[in-house]
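[1] fold the following for me, if possible:
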Amino acid sequence: MPVRTGCRPLPSLAPIWTSCHTDGMSDSPDVIHHDEDGHRGRFRIDRDGKHAAVMTYSRGRPDLIIIDHTEVNPAYGGQGLGQALLAELVRWARETGTKVMATCPFASAQFAKRPELADVLL
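    This is a model prediction of the structure:
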């Protein structure tokens with residue numbers, strides 16, 4: 001059965017980003033959606049009715065996910081959407097006790113640059 005979670009504050013990037021924020025560039029706030037169905041899941045941002053960014057993962061076991069892909073629509077590039085997705089994934093992993101591995105080059109590079117996120121890594 002699919003699991004859906006709504007929006008949450010992202011304290012590690014505050015005040016520049018929360019998963020429910022008004023960015024001043026659109027009339028509606030961005031919301032980070034979390035969907036999980038079986039062993040696959042994703043965090044995504046839709047903006048102005050369009051796909052803006054997505055980070056996907058698969059479950060290696062019940063307490064482990066593997067981030068395998070991050071994609072930002074070129075129309076929204078350079079706005080920190082990939083960072084926001086990773087921050088929300090890390091917040092969720094901490095809250096649920098889930099460990100993380102990353103095969104996605106973007107996520108791997110971010111974990112290497114940001115040691116404060118290392119507590120969720122396997």
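[2] rest of the way, CA atoms for contacts and neighbours
    Noted.
[3] mind listing residues that contact the longest strand seen in the chain?
    Secondary structure of the chain per DSSP state E: the longest strand is strand 50-61. Strand 50-61 is contacted by residues 39-46, 65-73, 75-76, 81-82, 85-86 when judged by C-alpha atoms under 8 Å, 6 or more residues apart in numbering.
[4] one more time with 6 Å, if that's ok
    Residues from elsewhere that reach strand 50-61, judged by C-alpha atoms under 6 Å, 6 or more residues apart in numbering: 39-46, 65-73.
[5] make a PyMOL selection of the buried ones in these.
    Selecting only the buried entries of the contacts of strand 50-61 in PyMOL, with 16 or more other C-alpha atoms under 10 Å as the criterion:
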select buried, resi 41+42+43+44+45+65+66+67+68+69+70+71+72
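[6] distance between the helix or strand containing residue 36 and the chain's centre?
    Here residue 36 sits within strand 30-37, counting by DSSP states H and E. Centre-to-centre, strand 30-37 and its host chain are 8 Å apart (C-alpha atoms, centre = their mean, to the nearest Å).
[7] before we move on, what about stretch 49-57?
    When C-alpha coordinates are averaged (C-alpha atoms, centre = their mean), stretch 49-57 and its chain have centres 9 Å apart.
[8] tell me, please, the helix or strand in this protein that averages the lowest pLDDT.
    None of the helices or strands of the chain scores lower by mean pLDDT, DSSP states H and E than strand 20-21, at a mean of 36.
[9] distance check, the most centrally placed residue in the chain against residue 69.
    Nearest to the centroid of the C-alpha atoms of the chain, with distances taken as C-alpha atoms, centre = their mean, sits residue 85, at 2.3 Å. Distance of residue 85 to residue 69, computed by C-alpha to C-alpha, to the nearest Å: 11 Å.
[10] if we can go back for a sec, how about the longest strand of the chain: buried residues?
    Within strand 50-61, the residues that qualify as buried by neighbour count (16+ other C-alpha under 10 Å) are 52-59.
[11] follow-up on the earlier one: show me what the strand holding residue 36 is packed up against.
    Other elements packing on strand 30-37 under the criterion 3 or more C-alpha pairs under 6 Å, 6 or more residues apart in numbering; DSSP states H and E are strand 3-5, strand 20-21, strand 40-47.
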